[in-house]
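Enquirer: Okay, here's the prediction I keep looking at, along with the sequence it came from:
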Amino acid sequence: MENLTWMLFVSEPNTTIVFNTIGSTQITTEGKFNGVLRLALLPPPQKDLDHYTNSFEQTYQSTFHTVGENDSNDDEPPSAMKMLIQHSRVYPIGADVSWGFPSKDVGTVRFDFKTKSFGGMNLLKGGDSDLLMLALPHHVDVLSANDDSKEYKMIREKEDFDLIYRTIKGHMTPVIGSTWEYKEQLTTVGFDSKNTLEKAAELSHKTKTTILDQVALDVKRVLPTLDENIYGYGKQTARLAQLIHIAKVLLDTEDDTSSLSQKYGSVIEESQEALYGFLVAFLSGTTADPLVYDTNFGGLVTQDGLDDSMNDFGNGWYNDHHFHYGYQLYACALMGQWNETFVTEYGPVVDAVMYDVAHSSYASSSSSESEGGAFFPFARHKAWFDGHSFASGLFRFASGKSMESSSESINCYYGAYLWSMVRGMDSKTKLLDHQTNFARLLLATEIRGIKTYWHMMPKDENSPIAAGLFNPMFAKNLMVGNLGMMDATVSTWFGNNPLYVHMINFMPVTAITRQLFDNSYLEKEFSSVIQPIYQNVEMAWYGRNKKWGCFSFLVWSNTTASFLVESGRDM
């Protein structure tokens, strides 16, 4: 972008810098230079929110010709510029990410920035030796809860920092300090929440019969086929597992001799046996497109994907692994809960699938406690500073890495958590305890990131841009379709229909879905997007029975109760 104002800091004193004012693209020195150059962007002050300007602020001018000439400066620079100068000599060269679990259901994430200093350079009297960085909106939410920290200080008042740094993800907040640490509450939801089980027990016999009738039909339809691609096969196995789970939850509220148990028990047993066969085929490599281990990059990829980068949605180039394998992890976790023999037989294989997308690098590869440390990278898709995952693998895009189906990334870490929990029940070890908590931490950070950057609640149209994460016109769409490193869109890879955007970021529906979507958001999403188009939704999104269309979406919102009653009369 042109017409921007920058500050240049030079580590070596008495260096003469020459700027090419004609081409505005070249900086030279009169002699040989061996040091560090730092550039800091000076965005327009808050009074000028709508556009960047090429005018050099008068306050900047007065500051530059006085800094360094004497310790007395009657022309006080703007607060932000002064802070940039004060902290200019300390710069980051890397960072370490670590985590811990100080209590049962609390996790911590810690960033330790590695720094170097110009050394001896003091541009302004009172110059600070602490690192100055910028935090994203989701950082501010959690760092604010730890305001008593002595390791960092957030600058949130306009008087203390009067410039705005705008990014694709909203405005950034200055933080002083080379160590950030924050807490995340870890989910306690297992395969079902306590509330779900209580509500299931309260359902009438007629309602249970209606649901079980539908399940009995659905478990025989849209079943996995051995020649299906990795994504489709995973969704179909997870779908079958979820249908069996729904039936089991309802039947568990009944006595073994009840009419419902008598009628549907055998159907569910047969479906569970079928699911076992589908999972065994996947884990034993007898499908048409088996998983193989790639020694170049360290991961499980499909054979077809390895042969052709465009096959299997780019799986061979590590595209969408958390989408593809999350479904299998969820189905395997349910099977492991029902069948302990499955865990004993195929536990190590499922572990490998989990490590491909949710490996914690808990121990070094030389440690006796290491599990897969030498074979899989650390949390493959997670971008820790960004606060969420990216789906892109080795593919190059002009806008950098991106992710579309945010809810499927949630499904991955939820599946990893459930599987590690089931695995821990089979063989309790410190390592498995840690893996379960690590998966819960991946899940918690992913939920926070998605609720921050995908779920948009529009602000007042007359409010300043600074008041909201996205521009109000963009936020009216309510859901980000695809979030990249350099762009945010309200479209998908397969179309820009609003229904596609919202539903690809909603599926699949499991017990964790309730924690991903706030009621206030769903109320707005339903009334603004779903209800107006409900009668014209294409069959692929309705499923087999139009009268049940979008039902899974509606049940989460309290305000749709009357709509459900009206629609449900014909079920």
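Expert: Alright, I've got the coordinates. Keep in mind the model is a prediction, meaning the values are calculated, not measured. Residues are numbered from 1 along each chain as shown.
Enquirer: mind listing the helices in the stretch 301-450 of the chain by residue range?
Expert: For the stretch 301-450 of the chain, the helices defined by DSSP state H, counting those that start in this stretch cover 303-307, 321-338, 340-358, 406-426, 430-453.
Enquirer: Now do the contacts for the nearest residue in space to residue 469 that is not next to it in sequence.
Expert: Among residues not flanking residue 469 along the chain, residue 170 sits closest, at 4.0 Å (Cβ to Cβ, 6 or more residues apart in numbering). Bear in mind the C-beta positions are built from the backbone N, C-alpha and C, glycine included. Counting by Cβ atoms under 8 Å, 6 or more residues apart in numbering, residue 170 makes contact with 136, 137, 468, 469, 470.
Enquirer: would you list the helices of the stretch 301-450 of the chain in TSV and tack on mean neighbour count, distance to residue 177 and mean pLDDT?
Expert: Shown next, in TSV, are these (neighbours: other Cβ atoms under 10 Å; distance: least, Cβ to Cβ, whole Å; pLDDT from 0 to 100):
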stretch	mean neighbour count	distance to residue 177	mean pLDDT
helix 303-307	19	43	96
helix 321-338	26	32	98
helix 340-358	20	30	96
helix 406-426	25	29	93
helix 430-453	22	20	91
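Enquirer: Including distance to residue 274, could these go into TSV?
Expert: Shown next, in TSV, are these (distance: least, Cβ to Cβ, whole Å):
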stretch	distance to residue 274
helix 303-307	24
helix 321-338	11
helix 340-358	14
helix 406-426	20
helix 430-453	28
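Enquirer: got the angle for the longest helix belonging to the chain vs helix 321-338?
Expert: Ordering each helix of the chain by length in residues (DSSP state H) puts helix 259-284 first. Relative orientation of helix 259-284 versus helix 321-338 (axes from the mean of the first three to the mean of the last three Cα atoms, to 10 degrees): 130 degrees.
Enquirer: How far off centre is helix 259-284?
Expert: 33 Å (Cα atoms, centre = their mean, to the nearest Å).
Enquirer: I'd like the next helix or strand past that helix.
Expert: Proceeding N to C from helix 259-284, the next assigned helix or strand is strand 291-294, under DSSP states H and E.
Enquirer: returning to what we had before: min pLDDT across the contacts of residue 170, which one?
Expert: Lowest pLDDT within the contacts of residue 170 is found at residue 468 (65).
Enquirer: Across the sheet, point out what pairs with the one residue sitting closest to the centre of the chain.
Expert: Against the mean C-alpha coordinate of the chain, by Cα atoms, centre = their mean, the closest residue is residue 388 at 2.8 Å. On the basis of DSSP bridges, residue 388 is bridged to residue 383.
Enquirer: Return the residues in contact with it.
Expert: Per Cβ under 8 Å, 6+ apart, neighbours of residue 388: 382, 403, 406, 409, 445, 446, 449, 450, 453, 483.
Enquirer: Neighbours of the first one, how many?
Expert: The local packing of residue 382 (other Cβ atoms under 10 Å) involves 22 other residues.
Enquirer: My read is that it contacts residue 444, right?
Expert: No. Counting by Cβ atoms under 8 Å, residue 382 stays clear of residue 444, with 11.8 Å between them.
Enquirer: which strand of the chain spans the most residues?
Expert: When the chain is parsed with DSSP state E, its longest strand is strand 90-103.
Enquirer: Strand partners (parallel or antiparallel) of that strand?
Expert: Assessed with DSSP bridges, strand 90-103 is paired to strand 106-117 (antiparallel).
Enquirer: what's the angle from the strand it pairs with to helix 430-453?
Expert: 80 degrees.
Enquirer: Of the contacts of residue 170, which pair is most distant in space?
Expert: The distance between the two most remote of the contacts of residue 170 (Cβ to Cβ) is 14.7 Å, for 136 and 468.
Enquirer: Compare those two and say which is more crowded by neighbours.
Expert: Shown here are residue 136 and residue 468; by other Cβ under 10 Å, residue 136 has more neighbours (21 against 18).
Enquirer: ok, and the closest non-adjacent residue to that one?
Expert: Counting by Cβ to Cβ, 6+ apart, the residue nearest residue 136 is residue 169, at 5.5 Å.
Enquirer: Can you get me a residue count around the one you found?
Expert: The burial count for residue 169: 20, using other Cβ under 10 Å.
Enquirer: which phi and psi does it have?
Expert: Reported as degrees, to the nearest 10, the phi and psi values for residue 169 are phi -100, psi 20.
Enquirer: Return the alpha-carbon coordinates of stretch 150-163 using PDB.
Expert: In PDB, the C-alpha atoms belonging to stretch 150-163 read as follows (Å, rounded to 0.1, in the frame of the first residue of the first chain):
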ATOM      1  CA  LYS A 150       3.500  -8.400  36.500                       C
ATOM      2  CA  GLU A 151       4.900  -9.900  33.300                       C
ATOM      3  CA  TYR A 152       3.000  -7.700  30.800                       C
ATOM      4  CA  LYS A 153       0.900  -4.500  30.600                       C
ATOM      5  CA  MET A 154      -1.900  -3.900  28.200                       C
ATOM      6  CA  ILE A 155      -2.300  -0.300  26.900                       C
ATOM      7  CA  ARG A 156      -6.100   0.200  26.400                       C
ATOM      8  CA  GLU A 157      -6.700   3.900  27.000                       C
ATOM      9  CA  LYS A 158      -6.600   6.300  24.000                       C
ATOM     10  CA  GLU A 159      -4.700   8.800  26.000                       C
ATOM     11  CA  ASP A 160      -1.900   6.300  26.500                       C
ATOM     12  CA  PHE A 161      -1.800   5.100  22.900                       C
ATOM     13  CA  ASP A 162      -3.500   7.400  20.300                       C
ATOM     14  CA  LEU A 163      -3.000   5.400  17.100                       C
END
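Enquirer: For it, list every residue counted as buried.
Expert: Within stretch 150-163, the residues scored as buried using 16 or more other Cβ atoms under 10 Å are 152, 154, 155, 161, 162, 163.
Enquirer: What is the neighbour count of the spatially closest residue to residue 220 that is not a sequence neighbour?
Expert: In space, and not counting its chain neighbours, residue 220 is closest to residue 271: 8.0 Å by Cβ to Cβ, 6+ apart. Using other Cβ under 10 Å, residue 271 has 22 other residues around it.
Enquirer: pretty sure residue 271 is in contact with residue 243, am I right?
Expert: Yes. Under the criterion of Cβ under 8 Å, residue 271 makes contact with residue 243 at 7.2 Å.
Enquirer: between those two, what contacts are shared?
Expert: Overlap of the contact sets of residue 271 and residue 243 (by Cβ under 8 Å, 6+ apart) consists of residue 219.
Enquirer: For the residue lying closest to residue 421 once chain neighbours are set aside, which residues are in contact?
Expert: Excluding the flanking residues, the one nearest residue 421 by Cβ to Cβ, 6+ apart is residue 436, at 5.2 Å. If you count contacts by Cβ under 8 Å, 6+ apart, residue 436 has them with 417, 420, 421, 424.
Enquirer: Fine, thanks again, bye for now.
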